[in-house]
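**Q** Prediction below, plus the sequence it came from.
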Amino acid sequence: MLVWRLSRSYLVQNHTRFIHSSRDIIYATNVRIGNLFRVGNINHARKLFDEMPKRDVVSWNTLITGYWKNGLFQESKRLFDIMPLRNVVSWNSMIAACIENRFIDAAFEYFQNMPDRNIGSWNAMISGFIKCEMDDEAVTLFEQMPRRNVISYTAMIDGYAKKGQIKKARELFDSMPIRNEVSWTVMISAYVESDQFNEASDLFSRMPCKNVVAVTAMITGYCKEGKMEDARVLFNEIQCRDDVSFNAMITGYAQNGRGEEALRLLIDMRRYGLRSDQYTLVSVLAACSSLASLIEGKQIHALVYKYRFDTDVSVSNALITMYSKSGCLPDVEQVFEKICSPNIVSWNTIIAAFAQHGIYKKTLGFFERMKFYGIEPDGITFLSLLSACGHAGMVMESLYWFDLMKNTYNMAPRSEHYACLIDILGRSGQVENAYKMIQDMPFEADFGVWGALLAGCRFSLNIKLAELAAQKIMKLDPKNSGAYVMLSNIYAASGLWRKVTQVRRLMKVDRVKKQTAYSWIEIGNTLHYFVGGDVSHLAIDDIHTVIKQMYSHMEAVEDIA
DNA sequence: CGAGAGCCAT
C-alpha cells in the first residue's frame, strides 16, 4: 500500500513536470523545424510541419524563413499568402526575404502594407535600402521612425561608412545614446577600411569590451599599416580564435610579402581545429604567388579540390595568379577555362598573366573574348594591356590602348596608367616625350610616375631629367632609397664619378639606407640566397659558368632575330 | 520566426 502511494505521488509529481501541453509540443516542433532548415534539410522540415496536428503563427513563420534562407523565395511568398494568421514577424520575414533577393521595391511594399510595424521592421527596411545603395531612402526612414534602438543607429553608421562618409558615421556614433560591441566594431572597421589607422586604434583602445570581431578588424588595420608584429600580438591575445581571425592574419602575412608565415599559420589553423574556407585558400594562394613557390601552390590547389572550392571564382582567380607567377601558363589557361562565369577580375587576371609573360597575342585574344562575353573592361584591364605592350616593347600599340581607354571607353587614366606609359616611352629612349606627357597630365604626378621617368632616364642617360625626377621623388618619399641609387647609377653610367660620390654622401646625410636586393631559389628543402656580388655560394663558380653560357646563348639568339 | 559587425582574387 505504501509502495503504491509512493509511486503514485512520484508519478503525479513527474507527470506535472513532464506533461506536454499542446503549446509546448508546438513550440518544440517549431524549434526542430527551424533547426532542420538551418542544416538545409528542407524536406524533413516540411514533413514535420505537415504532420503537426496544430500549428501556431510561429510554425508558419519558421517555414517561411526556412524556405527563403534555403533559396526558395517563391515558396516563402506562397506560404505567406495562404497562412491563416500573420503577425509582425511574418511581415518582417517577408521583407527580409525580398531584400535577400534584391527585390527592394517588393520589400518596401510589404513594409507599407503591413498593419503594424515594430522597430525591427524599420531596421530591416533601412538595412535593405543600405544594401541596395539607396542611402537617401535609408536616411528618410531613419528620420521618420518613431523609435530607434542600437541596431538602427549601427545600421546607419555602417551605411555611411560603406559610402565613405566616415565623418557622418562618426557623428552618428557619437550621438547615439547606447553603444554595444557591434556599434564599436562598425566604427572601427570604417576607419580601417578608409585607411585612418590612428582613429581606428584610438577607438579600439577606448572600446570597453573587445570581442573577436573587433579584434579581427583591428588586426586588419595593423596589417594594412604593415605592422605585422603588432597584429600578431593582438591575434595571439584572442581567447577563442575563429576562422575569420585566422584568415585576417593569414591575409596580412600574404599581403606583406611574408608568405612563409602565412603558410605556417594555415598549418596552425588546421591544428587549432578550424577548417580553411575560400578566404583562407585565396590568401595562402596569394602567399604562394608572392613566393613563386609552385610546390606549395600545387598543394593548396589539392586542398581547393578537397574542400570543393574549385568552382569558387575568387579561388580560381587566385590560382591563376599563382600559376602565372610560377610561370605555368598551361595551368593558367586550364584553371581559367574551368570557371563557369568569369568576372572582371578573372578576365583581368588572365590578361595580366599573359601580359607579364610578354605574350601579346594571347593578351589581345583574351581581351577580345572578354568583350565578346559582354564584360566591360575597367582601368585595371587597360593597365594590363599597357603592361603587355611594355613587356613586348611596343610603343605604338601602348599609345593606341591609352587612346582607346580615354576616347572610346571614356575612362580617365589614373597615375598608374601614366606611369606605365612613361615606363614604355622611357625604355624606348623617349624620355623627353615621357616628360612632356607628365606635364600634360590632368593631375599632379606621383611617386610612381616620377619613378618611371627616372628609370627611363637610364636608357638615354638624360641627366637633367633624371635629376629632376629624383628631386621630385625625394620630396614625395624622403625615406626611399631607390631614387638615390638609380640616380647614382645613371651618373656612373655617364662617367660622372664626382656626382656619384655626392649622391652617396647625400644618402648618408639624409640617413637613407639602400635596401639590399636578393634573389632566392628553393631546391629540395634548401633555400639558396643570392645577393649582388655575393660569391659565398658553394657552387658559385659553376653558377657563373652557366650564366656566361646563357648570355652567349641569348646574344646568339638575338643576332638571329 | 525577423533587424546591425570582422577575413578573399586583378
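**A** In hand now; what should we look at? Numbers count the residues shown, from 1 in each chain, chains lettered A, B, ... in the order given.
**Q** switch to C-alpha atoms for all contacts and neighbour counts from now on
**A** Noted.
**Q** show me what contacts A:Gln299?
**A** With contact set as Cα atoms under 8 Å, 6 or more residues apart in numbering, A:Gln299 has no partners.
**Q** That one looks like it's in a helix, true?
**A** Yes - according to DSSP: H, G, I helix; E, B strand; the rest coil, A:Gln299 belongs to a helix.
**Q** any idea how chain A splits into domains?
**A** A:241-338, A:341-413, A:421-427+A:434-515, A:519-560 (automatic domain parsing).
**Q** Now do the last one, average pLDDT.
**A** Right, the one you point to is domain A:519-560. Here domain A:519-560 scores 76 as its mean pLDDT.
**Q** wait, which of the domains of chain A is closest to DNA strand B?
**A** Evaluated over the domains of chain A, closeness to DNA strand B peaks at domain A:241-338, with 3.3 Å, by Cα to the nearest atom of the strand.
**Q** Got the confidence number for the nearest residue to A:Pro342 once chain neighbours are set aside?
**A** With sequence-adjacent residues excluded and distances taken as Cα to Cα, 6 or more residues apart in numbering, A:Pro342 is closest to A:Val313, at 6.8 Å. Here, the pLDDT recorded for A:Val313 equals 97.
**Q** Over to the one 4 residues further on?
**A** On pLDDT, A:Asn317 comes in at 98.
**Q** One more: A:Met156?
**A** Predicted confidence (pLDDT) at A:Met156: the value is 98.
**Q** ok so, going back, what sits against the residue nearest to A:Pro342?
**A** Here A:Val313 is in contact with A:339, A:341-343, A:346 (criterion: Cα under 8 Å, 6+ apart).
**Q** Return the residues of the stretch 351-500 of chain A in contact with DNA strand B.
**A** A:352, A:380-381 (Cα under 7 Å from any atom of the strand).
**Q** Columns pLDDT and neighbour count on top of those, output as JSON lines?
**A** Conversion of those to JSON lines gives the following (pLDDT from 0 to 100; neighbours: other Cα atoms under 10 Å):
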{"residue": "A:Ala352", "pLDDT": "96", "neighbour count": "24"}
{"residue": "A:Ile380", "pLDDT": "96", "neighbour count": "18"}
{"residue": "A:Thr381", "pLDDT": "97", "neighbour count": "21"}
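**Q** Which of these fall within helices?
**A** Counted as lying in helices by DSSP state H, out of these, are A:352, A:380-381.
**Q** from those, which is closest to A:Cys389?
**A** A:Cys389 has its nearest neighbour among those in A:Ala352, at 11.2 Å by Cα to Cα.
**Q** Is it correct that that closest one is in contact with A:Leu385?
**A** Yes - contact criterion Cα atoms under 8 Å: A:Ala352 and A:Leu385 qualify, at 7.5 Å.
**Q** Overlap of the contact sets of these two?
**A** A:Thr363.
**Q** For the stretch 251-400 of chain A, which segments count as helices?
**A** With helices called from DSSP state H, counting those that start in this stretch, the stretch 251-400 of chain A shows them at A:259-271, A:278-291, A:294-306, A:313-325, A:329-337, A:344-356, A:360-372, A:379-392, A:395-403.
**Q** average pLDDT across the helix or strand containing A:Asp202?
**A** Following DSSP states H and E, one finds A:Asp202 within helix A:197-206. For helix A:197-206, the mean pLDDT works out to 97.
**Q** what about it, near DNA strand B?
**A** No - Helix A:197-206 lies apart from DNA strand B when judged by Cα under 7 Å from any atom of the strand; the minimum separation is 12.1 Å.
**Q** need the helix or strand of chain A with the lowest average pLDDT.
**A** The weakest-scoring helix or strand in chain A, judged by mean pLDDT, DSSP states H and E, is helix A:2-18 (a mean of 47).
**Q** pull the longest helix from chain A.
**A** As assigned by DSSP H, the longest helix anywhere in chain A is helix A:540-560.
**Q** what are the C-alpha coordinates of that one, in PDB please?
**A** Output in PDB follows, covering the C-alpha atoms of helix A:540-560 (Å, rounded to 0.1, in the frame of the first residue of the first chain):
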ATOM      1  CA  ILE A 540      79.300  29.900 -57.300                       C
ATOM      2  CA  ASP A 541      82.000  29.000 -60.000                       C
ATOM      3  CA  ASP A 542      79.600  26.600 -61.700                       C
ATOM      4  CA  ILE A 543      76.800  29.100 -61.500                       C
ATOM      5  CA  HIS A 544      78.900  31.800 -63.100                       C
ATOM      6  CA  THR A 545      79.900  29.400 -65.900                       C
ATOM      7  CA  VAL A 546      76.300  28.600 -66.600                       C
ATOM      8  CA  ILE A 547      75.300  32.300 -66.600                       C
ATOM      9  CA  LYS A 548      78.100  33.100 -69.100                       C
ATOM     10  CA  GLN A 549      76.800  30.300 -71.300                       C
ATOM     11  CA  MET A 550      73.300  31.700 -71.100                       C
ATOM     12  CA  TYR A 551      74.500  35.200 -72.000                       C
ATOM     13  CA  SER A 552      76.300  34.000 -75.100                       C
ATOM     14  CA  HIS A 553      73.300  31.900 -76.000                       C
ATOM     15  CA  MET A 554      71.000  34.900 -75.600                       C
ATOM     16  CA  GLU A 555      73.300  37.000 -77.700                       C
ATOM     17  CA  ALA A 556      73.300  34.400 -80.400                       C
ATOM     18  CA  VAL A 557      69.500  34.200 -80.400                       C
ATOM     19  CA  GLU A 558      69.200  38.000 -80.600                       C
ATOM     20  CA  ASP A 559      71.600  38.100 -83.600                       C
ATOM     21  CA  ILE A 560      69.300  35.600 -85.400                       C
END
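**Q** Can you list the buried residues in that helix?
**A** The neighbour-count check on helix A:540-560 (16 or more other Cα atoms under 10 Å) flags nothing as buried.
**Q** next one: stretch A:321-331
**A** Applying 16+ other Cα under 10 Å to stretch A:321-331 flags A:321-327, A:329 as buried.
**Q** Just confirm A:Gly495 is within a helix.
**A** No - going by three-state DSSP, the assignment for A:Gly495 is coil, not a helix.
**Q** Near it, how many other residues are there?
**A** Neighbours of A:Gly495 under the rule other Cα atoms under 10 Å: 11.
**Q** What's the separation between it and A:Leu538?
**A** 35 Å (Cα to Cα, to the nearest Å).
**Q** A:Gly259 versus A:Glu296, what's the distance?
**A** 11 Å.
**Q** who has more neighbours, these two?
**A** A:Gly259 (26 against 17).
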